[in-house]
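Visitor: Got a sequence here, can you model it:
(4 chains)
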2 protein chains.
Amino acid sequence: MDLQTFLPYRLAVLSEQVSQCIALVYRERFGLSRDEWRVLAALAGRGTVRTAEVIEATTLEKMQVSRAVSNLQERGCVERLPDPQDGRGWLIRVTPAGRSLFQKIAPMVRAREAFLLEALSPQEREVLNAAIDRLAEQARLLGRQG
Amino acid sequence: MDLQTFLPYRLAVLSEQVSQCIALVYRERFGLSRDEWRVLAALAGRGTVRTAEVIEATTLEKMQVSRAVSNLQERGCVERLPDPQDGRGWLIRVTPAGRSLFQKIAPMVRAREAFLLEALSPQEREVLNAAIDRLAEQARLLGRQG
DNA sequence: TATTGTTATACTCTATAACTATA
DNA sequence: TATAGTTATAGAGTATAACAATA
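Guide: Residues are numbered from 1 along each chain as shown, chains lettered A, B, ... in the order given. Below you'll find the predicted structure:
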């Protein structure tokens, strides 16, 4: 068995390389953790959302979201409003400051994504995207049964 | 910007899902860490190798390799021999016990990989593999300049 | 009783660098 | 003076579960 051709290893190495490239922007230049960046990105395009939606959109655990939101709130990037429909929950939304921060970061990370994708033809990008979805679905099936 | 279509995010989520599926085998059933698993897999197909080769084959840092090798050695899976060509280094090789352990794990993780790949046609697999190599190369270029 | 979100805690990983032995 | 590998240590991230408030 050759590690170099083993898909899970190849994906892990690639994903780490790519994540590093992106994290360089949001971490070094803007002092966000990965979780904070994800939450900010998930909120930026939306209005006011429940925590559950943030969890779903970021694939983070509830306590990771809780901490990321707290940190973003301290930093003035998001705000929490009581949820009138459920006294236990919150409605979360990005503030103007948060939106402004996101709008600084987004073009930079998008440019990096675009540079990565330059290596692929449009057809290859389509196959890649479809492959990611199908592999994720298979992994989900595999994970279910343990 | 939509996180769901952002390649770095998609790769991170997929890679984590896939890694979990594989880690379930080597961690839960055989008590290996990710690094130990990688080192064992890198050594299993080879003879006696220098530490530098293990570092290269696993994309781990030298101190991660050092610890993983120590742990595997305590467990009787690898042994270290002094390098006659360089008194500072070691030659590392898998023991019969280590090989036997690897031969228990390998078919199980390969079966999982095969299940994942069932979702893709041979052509799609080729495109995926080429895409991984090209994206990794682009990420390397991006990482270099910071 | 179950669920939402927070907090506590212990554990694992990671990153940096100091250190030794040798080159 | 540089390199191979080890060790130390501090910081970050992760996982579990306990917990308060509400449903």
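
Visitor: what about the host helix or strand of residue A:52, near DNA strand C?
Guide: Element membership for residue A:52 (DSSP states H and E) is helix A:51-58. Yes: Helix A:51-58 is in contact with DNA strand C by Cβ under 7 Å from any atom of the strand, via A:51, A:52, A:55. All C-beta atoms are positioned from the backbone trio N, CA, C, and that covers glycine.

Visitor: Can you pull the phi/psi pair for the residue lying closest to residue A:82 once chain neighbours are set aside?
Guide: Nearest non-adjacent residue to residue A:82, counting by Cβ to Cβ, 6 or more residues apart in numbering or on different chains: residue A:90, 6.7 Å away. With angles defined as degrees, to the nearest 10, residue A:90 sits at phi -130, psi 150.

Visitor: and if you look at residue A:81?
Guide: Dihedral angles of residue A:81 (phi, psi; degrees, to the nearest 10) stand at phi -120, psi 140.

Visitor: So for it, what's the nearest residue that isn't a sequence neighbour?
Guide: Here the residue nearest residue A:81, using Cβ to Cβ, 6+ apart, is residue A:91, at 4.6 Å.

Visitor: Could you count how many residues lie near that neighbour?
Guide: Neighbourhood size, residue A:91 [other Cβ atoms under 10 Å in any protein chain shown]: 18.

Visitor: Then the one 4 residues further on?
Guide: Counted with other Cβ under 10 Å, the burial measure for residue A:95 works out to 16 neighbours.

Visitor: Equivalent analysis for residue A:118, please.
Guide: For residue A:118, the count of nearby residues is 9 (other Cβ under 10 Å).

Visitor: for residue A:98, same thing?
Guide: Neighbour count of residue A:98, defined by other Cβ under 10 Å: 21.

Visitor: Please apply the same query to residue A:83.
Guide: Neighbourhood size, residue A:83 [other Cβ under 10 Å]: 15.

Visitor: still on that earlier bit, okay if I get the residues of helix A:51-58 next to DNA strand C as a markdown table plus pLDDT and distance to chain B?
Guide: A markdown table is the format used below for the residues of helix A:51-58 next to DNA strand C (pLDDT from 0 to 100; distance: Cβ to the nearest Cβ, whole Å):
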| residue | pLDDT | distance to chain B |
| --- | --- | --- |
| A:51 | 98 | 16 |
| A:52 | 97 | 16 |
| A:55 | 98 | 13 |
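
Visitor: of the residues you listed, buried ones?
Guide: A:51, A:55 (16 or more other Cβ atoms under 10 Å in any protein chain shown).

Visitor: Of the residues of helix A:51-58 next to DNA strand C, which is the nearest to residue A:96?
Guide: residue A:51 (21.2 Å; Cβ to Cβ).

Visitor: Pretty sure the closest one sits against residue A:89.
Guide: Yes: with contacts counted by Cβ atoms under 8 Å, residue A:51 reaches residue A:89, the gap being 5.9 Å.

Visitor: Which residues are in contact with the spatially most central residue of chain A?
Guide: Nearest to the geometric centre of chain A sits residue A:38, at 3.6 Å (Cα atoms, centre = their mean). With contact set as Cβ atoms under 8 Å, 6 or more residues apart in numbering or on different chains, residue A:38 has these partners: A:58, A:60, A:68, B:3, B:9.

Visitor: What's the local residue count around the fourth one?
Guide: The reference is to residue B:3. Residues within reach of residue B:3, counting by other Cβ under 10 Å, total 20.

Visitor: if I read this right, it contacts residue B:9, doesn't it?
Guide: Yes: using Cβ under 8 Å, residue B:3 is in contact with residue B:9, at 5.0 Å.

Visitor: Identify the contacts common to these two.
Guide: Contact criterion Cβ under 8 Å, 6+ apart; residues shared by residue B:3 and residue B:9: A:38, A:41.

Visitor: longest helix anywhere in chain A?
Guide: In chain A, with assignment by DSSP state H, the single longest helix is helix A:122-145.

Visitor: does that one come close to chain B?
Guide: Yes: counting by Cβ under 8 Å from any Cβ of the partner chain, chain B is contacted by helix A:122-145 at A:124, A:127-132, A:134-143.

Visitor: Now list the buried members of these.
Guide: A:124, A:127, A:128, A:131, A:132, A:134, A:135, A:136, A:138, A:139, A:142.

Visitor: from these, which is closest to DNA strand D?
Guide: In terms of Cβ to the nearest atom of the strand, no member of these lies closer to DNA strand D than residue A:139, at 15.0 Å.
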